[in-house]
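Asker: need coordinates for the following:
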Amino acid sequence: MTTLDASRPKTASGADLALGAACDHLIGLRSPQGWWKGELQTNVTMDAEDLLLREFLGIRGRQDTAEAARWIRSEQRADGTWANFHGGPPDLSTTVEAYAALRLAGDPADAPHMRAATAFVRQAGGLEAARVFTRIWLAMFGQWPWEELPVLPPEMMFLPSWFPLNVYDWACWARQTIVPLTVVSAHRPVRPLPFDLTELRTGRTVRPGAGLGWDGTFRALDRLLHRYERDPVKGPRDAALRRAAEWIVARQEADGSWGGIQPPWVYSLIALNLSGYHIDHPVMRRGIQGLDRFTIRDDRGRRLEACQSPVWDTALAVNALLDAGVAPDHPAVAEAADWLLGQEVRGPGDWAVRRPSPPPGGWAFEFDNDGYPDTDDTAEVILALRRTHRPGARPAIDRAVRWMTAMASRDGGFAAFDADNTRALCAKLPFCDFGAVIDPPSADVTAHVVEALAHERPAGSKTLRRAVVWLLKAQEADGSWFGRWGANHVYGTGAVVPALVAAGVRPEAACVRRAVAWLRDHQNDDGGWGEDLRSYTDPAWIGRGESTPSQTAWALLALLAAGDRSAAVDRGVGWLVEHQRPDGTWDEPYYTGTGFPGDFYINYHLYRLVFPISALGRYVRAGGAVGTSQVPS
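Answerer: Numbers count the residues shown, from 1 in each chain. A predicted model of the protein is given here:
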């Protein structure tokens, strides 16, 4: 294993060999340009909505349809349903959209696999019980009445940034979805399908109750907006639609995407098409062609990634290799660092609405998302670059630290994309029945920022000190931390403990010992750790689930940072060694990434490799197996 530093300690546990094999495998996955990008796997709604988008625009091809249908069928379970994550419960809306896509591909309603899906949909409440976003798709094809959907008036584009429910009150991913949906809602298009979906209806009438508080208030407001939609004032309506279209066009990225993510991308294409942009218009052409970059084809069919994560994956890979003892001047590390430097975001973005003062700096998640750098990626890139000592790294790090520090929210915590994006009123609107719509500070993001600032700012700096206090207040009663962007308390705890220790919190501090106790208590009998995604909706699952490589590594990173050298650590390392594949990586069918807690989840295919490398590297470099605790229990 030539990639590792020969001076690092050796162990007899097998961790050393496992680490070398994993590093070699990781380096072998590197692109010729120096970056890493693992597949970002989600659920079949991406593929179903892609076919529906192409049908709406009149560009659906036979081959694409056949390949996408093959993939969608391959993901259907024996009971006829589709889930949002591996091993998860059936999901009604996902099943409805998958079924509609297969009907579009020509699968007959009376085929056995389609009858099985129909039976589940009807038993689960039918189209009437599907989420609003699913029914919006159905309405565009005449399968659901627009009058029975919440109104999204484009006139909201006129609300100033200080007024409640203006577009900047929404999280960046939500605002980029909501703005085009206001255009769609105003036009209420119907482009009929060559079939209908009456077999998925139950005939039940869904009428929301009168309600009290904000829910009742917004339902009453929605009724008023429905009346307005029957005869909107032409001047303001036309001006609002123009402003919305201009807003959308201004935010298209160089690769043709919007935010580098699927929901705003597909809705923006539909909205612009309804606004008069023909599919041959340069904006539309870039948007449609850009989807090819997100398309994966293999023997199971054609599928789309909801997003791509090269900056995140590359920063994690660099940190993992350095944790493993790979030299900073190794070509894999040096070239990746140079690529990251070239990805720095130096232009303005929507973040400046809340924080207009700091000059740009930092990194985004994707290849192209210059409007939305985020503090999470920026922190991870800072941690990587500062260890490589590449030419030009220091000015970029300084710019990023300045920008990231300015993105602290008023309470001292950090969110991913915006500061003080906490107006919960957005979630009360009738169409907000899917996904997070605001971007409040979270423990995992704040922890990554704390860890980066701890190396770049004096321990007593005000921003760092306030962020540490925020983390201490956010600790759960059981000693863990909630994970917003990864599953779940194992991820949150795995991020926070190393950050607190890096910031100067002593390993024997009560907050750290409580976290260590929680991790030990939730170690599986096989030595690994796992947490099922159902923990976001059912507290009984918190800290429980099948062992996975990434989650086992997260737990180990926390325990090692806390100075814990107990049998729990050795057993966790043993699980990684025993479950490593002959080629140096690990299998991980379970999803451990989180898009929207409770609704949308991700299997980052590189997580199964980079995090075990970091954990094994830190374990080996600390001296390997000890089997006794060096700090108080």
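Asker: now do the strands in the protein.
Answerer: Taking DSSP state E as the criterion, the chain carries its strands at 40-41, 295-298, 301-304, 593-596, 600-604.
Asker: want to throw these into a markdown table with mean neighbour count and distance to residue 116?
Answerer: Glycine gets a C-beta too; all of them are placed from N, C-alpha and C. Converted to a markdown table, the strands of the chain look like this (neighbours: other C-beta atoms under 10 Å; distance: least, C-beta to C-beta, whole Å):
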| stretch | mean neighbour count | distance to residue 116 |
| --- | --- | --- |
| strand 40-41 | 22 | 24 |
| strand 295-298 | 12 | 25 |
| strand 301-304 | 22 | 20 |
| strand 593-596 | 21 | 27 |
| strand 600-604 | 23 | 23 |
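Asker: nearest to residue 404, out of the ones you listed?
Answerer: strand 593-596 (21.6 Å; C-beta to C-beta).
Asker: circling back: pipe the strands of the chain into TSV and attach distance to residue 498 and mean pLDDT per row.
Answerer: TSV is the format used below for the strands of the chain (distance: least, C-beta to C-beta, whole Å; pLDDT from 0 to 100):
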stretch	distance to residue 498	mean pLDDT
strand 40-41	24	97
strand 295-298	33	95
strand 301-304	34	95
strand 593-596	19	96
strand 600-604	19	97
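Asker: quick one, which of those is nearest to residue 387?
Answerer: strand 600-604 (22.1 Å).
Asker: restrict that closest one to CA atoms and write it as CSV.
Answerer: What follows is strand 600-604, C-alpha atoms only, in CSV (Å, rounded to 0.1, in the frame of the first residue of the first chain):
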residue,chain,number,x,y,z
PHE,A,600,-36.6,12.8,1.4
TYR,A,601,-33.4,10.8,1.9
ILE,A,602,-30.1,10.1,0.1
ASN,A,603,-27.6,7.3,-0.3
TYR,A,604,-24.3,9.0,-0.8
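Asker: list the contacts of that strand.
Answerer: The contact list for strand 600-604 (C-beta atoms under 8 Å, 6 or more residues apart in numbering) reads 38-43, 84-86, 88, 306, 309, 313, 434-435, 487, 533, 550, 588-595.
Asker: any of these buried? List them.
Answerer: For the contacts of strand 600-604, a burial check counting by 16 or more other C-beta atoms under 10 Å picks out 38, 40-43, 84-86, 88, 306, 309, 313, 434-435, 487, 533, 550, 588, 590-595.
Asker: now, those residues that are in helices?
Answerer: Among these, the ones falling in helices (DSSP state H) are 313, 550.
Asker: show me where the stretch 501-633 of the chain dips below the pLDDT cut-off.
Answerer: Applying pLDDT under 70 to the stretch 501-633 of the chain flags the ranges 624-633.
Asker: again, only this time at 50
Answerer: Low-confidence segments of the stretch 501-633 of the chain (pLDDT under 50): 626-633.
Asker: so which residues of it form helices?
Answerer: Assigned by DSSP state H, counting those that start in this stretch, the stretch 501-633 of the chain shows helices spanning 510-521, 549-561, 567-579, 607-621.
Asker: relative to strand 600-604, how tilted is the last one?
Answerer: By that I understand helix 607-621. Here the directions of helix 607-621 and strand 600-604 differ by 60 degrees (axes from the mean of the first three to the mean of the last three C-alpha atoms, to 10 degrees).
Asker: look up the closest residue to the residue most central in space within the chain, ignoring the ones flanking it.
Answerer: The centre of the chain sits closest to residue 595, judged by C-alpha atoms, centre = their mean, with a distance of 3.4 Å. In space, and not counting its chain neighbours, residue 595 is closest to residue 602: 5.5 Å by C-beta to C-beta, 6 or more residues apart in numbering.
Asker: ok, now how distant is that neighbour from residue 39?
Answerer: Noted for residue 602: a distance of 10 Å to residue 39, by C-beta to C-beta, to the nearest Å.
Asker: repeat that for residue 156.
Answerer: Applying C-beta to C-beta, the value for residue 156 to residue 39 is 36 Å.
Asker: if anything else comes up later, I'll come back, but that's it for now.
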